[in-house]
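> After the sequence you'll find the predicted model.
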Amino acid sequence: MHIATAGNIGSGKTTLTGLLSRHYGWEAHYEDVDDNPYLFDFYNDMQRWSFNLQIYFLNSRFSQILKIRRSGLTVIQDRTIYEDAYIFAPNLHSMGLMSTRDFENYLTLFNMMTSLIKPPDLLIYLRASVPALVHQIGSRGREYEKSISIDYLNRLNERYEAWIEMYKLDKLLIIDVDNTDFINRPEDMRKVINKIDAEIHGLF
């Protein structure tokens, strides 16, 4: 079974992925951030590095999905291949930070790759307001994230909401991060687990 967490920068995907991996004994596949050769350069010069970064993420997530399906294990994945294509790449294109030529090339690759894979059996979307995202991004103190603007986060949030509204690939669970503290409140984490249990039992 393939579970995936989705959400904007700072919404808590990586943290929740780890917590659920430990609780259920699922294998966790994390987003390649620390070893990403483009991320720091991208936040310093988005226009120059946007296409390189998106191609890197596309390749990385496609490889993850192939490994997940071959493993036969229940896996939880931190961010999906769909978010790159429906949120991040089109946002960069609309902001003039990725050329139309590069964007169309990217979409061609994405469409080819997704024709060869299955979507997650359950998508867990972490919905968070921009103030909550800003607080979380600031508290984790990643140097390359200091240049992220509120406008950029707003644009991403709008695209996330539009994507989730249309999401029909498989089961979907939405968690309101502004009113759910699954890190510091055990009762909130129990509620999240109860909701996931209800969705998972419907998968069998």
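Perfect, I can see it now. Residues are numbered from 1 along each chain as shown.

> how about the strands in the protein?
Assigned by DSSP state E, the strands in the chain fall at 2-7, 27-29, 75-78, 122-127, 171-176.

> The last one: which residues count as buried?
Just to be clear, that refers to strand 171-176. Judged by neighbour count using 16 or more other CB atoms under 10 Å, the buried positions of strand 171-176 are K171, L173, I175. Where you see a C-beta, it was placed from the backbone N, CA and C, and this is true even at glycine.

> With distance to I65 as new columns, can those be given to me in JSON lines?
Compiled in JSON lines, the buried residues of strand 171-176 are given as follows (distance: CB to CB, whole Å):
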{"residue": "K171", "distance to I65": "17"}
{"residue": "L173", "distance to I65": "20"}
{"residue": "I175", "distance to I65": "22"}
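
> So which of those residues is the closest to I150?
When these are compared for distance to I150 (CB to CB), I175 comes out closest, at 22.5 Å.

> Any stretches of the chain with poor pLDDT?
For the chain, residues meeting the criterion pLDDT under 70 lie at 33-34, 144, 202-204.

> Name the nearest of the buried residues of strand 171-176 relative to N154.
Ranking the buried residues of strand 171-176 by separation from N154, with CB to CB as the measure, puts I175 on top at 20.2 Å.

> what's the longest helix that the chain contains packed up against?
As far as residue count goes, and with DSSP state H defining each element, the longest helix of the chain is helix 46-71. Contact partners of helix 46-71 among helices and strands, from 3 or more CB pairs under 8 Å, 6 or more residues apart in numbering; DSSP states H and E: strand 2-7, strand 27-29, helix 39-44, strand 75-78, helix 81-83, helix 89-94, helix 100-114.

> circling back: most tightly packed of the strands of the chain?
Among those, judged by mean count of other CB atoms under 10 Å, the one packed with the most neighbours on average is strand 2-7 (a mean of 26).

> Each with direction, which strands does that strand pair with?
strand 75-78 (parallel), strand 122-127 (parallel) (DSSP bridges).

> Next, the angle from the last one to strand 171-176.
Think strand 122-127. Using axes from the mean of the first three to the mean of the last three CA atoms, to 10 degrees, the inter-axis angle of strand 122-127 relative to strand 171-176 is 20 degrees.

> chain center to strand 122-127, what's the gap?
Centroid separation for strand 122-127 versus its chain: 9 Å, with CA atoms, centre = their mean, to the nearest Å.

> Use 37 as the first number from now on
All set: I'll call the first residue 37, so the last point we hit is now strand 158-163.

> got a list of contacts for it?
Outside of strand 158-163, the residues that reach it under the criterion CB atoms under 8 Å, 6 or more residues apart in numbering are 37-44, 47-49, 52, 116, 196-197, 200, 203, 205-214, 232, 235-236, 239.

> before we move on, back to that, output the strands of the chain as TSV; include the columns distance to N80.
Rendered in TSV, the data for these read as follows (distance: least, CB to CB, whole Å):
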stretch	distance to N80
strand 38-43	24
strand 63-65	28
strand 111-114	24
strand 158-163	27
strand 207-212	32
